[in-house]
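> Fold the following, please.
(one chain, ligands or ions: 2)
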Amino acid sequence: LDSLQMKPSIDSKLPDLDTSIFAVMSHLAHTTGALNLAQGFPSFDPPQALTERVHHHLTHGGNQYAPMPGVSGLRRIIAEKTRRLQHRDINVDTEVTVCTGATEGLFSAIQAVVRPGDEVILVDPAYDSYEPAVRLAGGVARHVPLKLVDDTHDFTVDWQRLQDTMTAATRLIILNFPHNPTGTILSAVDLDTLADIVRGSGCLLLSDEVYEHIIFDGQAHMSLLRHDELWERSLVVSSFGKTLHATGWKLGYCIAPEPLSAEFRKVHQFTTFSVSTPMQLGVADFLQSHPDYYDQLPAFYEQKRDLFCELLADSRFRFKPAQSTFFQVLDYGEITDEDDLSLAKRWTREAGVGSIPLSVFCEQAFTGSRLRFCFAKDDATLEQAADKLCRL
Ligand code: PMP
Ligand code: GLN
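Ligands and ions are numbered 1, 2, ... in the order given. Prediction:
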């Protein structure tokens with residue numbers, strides 16, 4: 001009888017989790033009318049030739065379920081690009097899966113491989129979707145901060161500390177290079193160092209490479225896909241959101257060797273089953289007819305980075321131009337000693353420019369007086385934002 005009188009209890013599985021900082025800051029920017037340089041999304045539309053192809057499929061029968069792993073034309077194009085840019089031959093049928101944005105790819109990958117009690121290494125600042133997914137799988141996150149050289153504003157990977165954090169229980173290391181928010185990228189030497197660290201262990205790698213095509217100053221993206229030893233134990237997740245100026249389409253993909261892709265698909269098929277058909281068909285058509293689309297992206301965003309940095313040259317912010325991504329980190333230490341979270345909110349309200357604090361992505365704050373600003377905006381918006389920031 002007692003059990004009949006019991007009230008349902010919401011015994012939260014993630015009791016300490018707040019709403020994502022991106023939702024919080026975008027909402028604040030929206031309600032205060034501030035320029036939203038917080039959440040990372042472009043202020044411009046995808047190429048017209050792309051939206052025309054999506055429209056074509058919306059009006060020509062492309063509206064029913066796509067195959068569970070993704071439409072074959074899109075998987076083929078992803079495979080061709082992977083061969084051309086990362087020199088890795090992947091099997092179109094068994095080693096690439098189209099997913100609902102990188103977020104679903106990351107979530108499905110984590111659920112597929114992490115068991116209760118497994119340890120998962122994250123590099124701080126760590127994108128906010130990783131740890132909740134690890135915890136829902138029963139895993140335990142171990143945080144390894146990037147190394148910050150304060151005078152140069154450089155954030156580098158502390159491979160020694162990462163190695164020291166590994167135990168027999170380490171199941172997965174999650175990496176994100178090009179790195180959001182710092183723009184840090186990996187070199188070929190970094191890949192070899194990582195291979196030395198994981199060699200002989202059962203540890204898998206999950207590489208979030210959503211900024212793979214936004215990398216500056218003539219540098220190349222060193223995907224884990226390039227490295228024969230790393231490839232065997234890697235799931236590499238990426239997104240068309242950043243690349244095609246279409247973050248709202250939530251179109252991503254996961255590349256992994258066949259045995260790992262098979263496990264990934266077991267989760268993917270019951271997380272979402274398949275991804276929006278007209279979007280996949282439209283993107284496949286567009287990339288088929290514009291195979292060099294990717295090649296102009298670095299220059300496109302490098303011009304925006306340079307403009308934003310030049311406009312801030314006489315401000316009181318200290319910074320080093322980002323090496324990748326569409327984010328610029330600015331050190332406000334000469335302006336105020338306020339903490340980054342309250343300052344980001346206050347400046348959204350009072351200065352009219354939204355930004356993202358770095359400390360929220362860290363288990364233990366170490367990023368000091370730094371905020372992240374998104375420069376994927378039209379030049380007029382960047383000029384207005386810089387004008388406001390220069391007054392601070
Ligand atoms: N990882 C990182 C590092 C990101 O910055 C983002 C946001 N764009 C994502 C994953 C999520 O990508 P998507 O919007 O395709 O889910
Ligand atoms: N990846 C985007 C950023 O870093 C935000 C994505 C989201 O809002 N969840 O700003």
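> only C-alpha atoms for contact and neighbour calcs from this point on.
Noted.
> ok, which stretches of the stretch 151-300 of the chain are strands?
Remark: strands assigned in the stretch 151-300 of the chain by DSSP state E, counting those that start in this stretch are 154-156, 170-175, 204-208, 234-239, 252-255.
> Could you tell me which residues of the stretch 1-150 of the chain lie near ligand 2?
By Cα under 6 Å from any ligand atom, the residues of the stretch 1-150 of the chain that approach ligand 2 are 22, 39-40.
> the helices in the stretch 251-392 of the chain, which residues?
Per DSSP state H, counting those that start in this stretch, the stretch 251-392 of the chain carries helices over the ranges 258-271, 277-289, 297-311, 340-350, 379-390.
> Now do the third one against helix 379-390, angle only.
Think helix 297-311. Put simply, helix 297-311 runs at 40 degrees to helix 379-390, going by axes from the mean of the first three to the mean of the last three Cα atoms, to 10 degrees.
> Using CSV, list the CA coordinates for helix 297-311.
Coordinates of the C-alpha atoms in helix 297-311 are reproduced here as CSV (Å, rounded to 0.1, in the frame of the first residue of the first chain):
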residue,chain,number,x,y,z
LEU,A,297,37.2,29.0,-46.1
PRO,A,298,40.5,29.7,-44.3
ALA,A,299,41.1,33.0,-46.2
PHE,A,300,37.4,34.0,-45.7
TYR,A,301,37.7,33.6,-41.9
GLU,A,302,41.3,34.8,-41.7
GLN,A,303,40.2,38.2,-43.2
LYS,A,304,37.5,38.4,-40.4
ARG,A,305,40.0,37.5,-37.7
ASP,A,306,42.5,40.1,-39.0
LEU,A,307,39.8,42.8,-39.2
PHE,A,308,38.6,42.1,-35.7
CYS,A,309,42.2,42.1,-34.3
GLU,A,310,43.2,45.3,-36.2
LEU,A,311,40.1,47.0,-34.9
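> What about the residues of the stretch 1-150 of the chain next to ligand 2, which are in helices?
Using DSSP state H, residue 22 are the members of these that sit in helices.
> Put the buried members of the residues of the stretch 1-150 of the chain next to ligand 2 into a ChimeraX selection.
Here is the ChimeraX command that selects the buried residues among those (16 or more other Cα atoms under 10 Å):
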select :39,40
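> residue ranges with poor pLDDT in this structure?
Where the chain drops to pLDDT under 70, the residues are 1-4.
> Would you mind listing what in it touches ligand 1?
101-103, 127, 180, 208, 210, 239, 241, 247, 250-252.
> which of those lies closest to residue 284?
Distances from residue 284 to the residues of the chain next to ligand 1, taken as Cα to Cα, are shortest for residue 251 (11.7 Å).
> Surely that closest one touches residue 274?
No: look at residue 251 against residue 274 with Cα atoms under 8 Å: they stay out of range, at 10.7 Å.
> Can you pick out the residue with more neighbours from these two?
Per other Cα atoms under 10 Å, whichever of residue 251 and residue 274 has more neighbours is residue 251, with 26 against 20.
> What is the neighbour count of the closest residue to that one other than its chain neighbours?
Among residues not flanking residue 251 along the chain, residue 101 sits closest, at 4.2 Å (Cα to Cα, 6 or more residues apart in numbering). Here the number of neighbours of residue 101 (other Cα under 10 Å) works out to 23.
> Show the contacting residues for residue 101.
Counting by Cα atoms under 8 Å, 6 or more residues apart in numbering, residue 101 touches 238-241, 249-253.
> got any residues that touch both of residue 251 and residue 274?
Common contacts of residue 251 and residue 274 (Cα under 8 Å, 6+ apart): 98-100.
> List the buried residues in stretch 379-392.
The neighbour-count check on stretch 379-392 (16+ other Cα under 10 Å) flags 381-383, 385-386, 388-389 as buried.
> what does stretch 219-226 give?
Neighbour-count burial for stretch 219-226 flags 220-226 (criterion: 16+ other Cα under 10 Å).
> Residue 69 contacts residue 274, doesn't it?
Yes: between residue 69 and residue 274 there is a contact under Cα under 8 Å: 6.8 Å.
> shared neighbours of these two, anything?
98-99.
> Setting aside sequence neighbours, what's the nearest residue to the spatially most central residue of the chain?
Note on the chain: the residue nearest the mean C-alpha position is residue 210, at 4.8 Å, using Cα atoms, centre = their mean. In space, and not counting its chain neighbours, residue 210 is closest to residue 238: 4.3 Å by Cα to Cα, 6+ apart.
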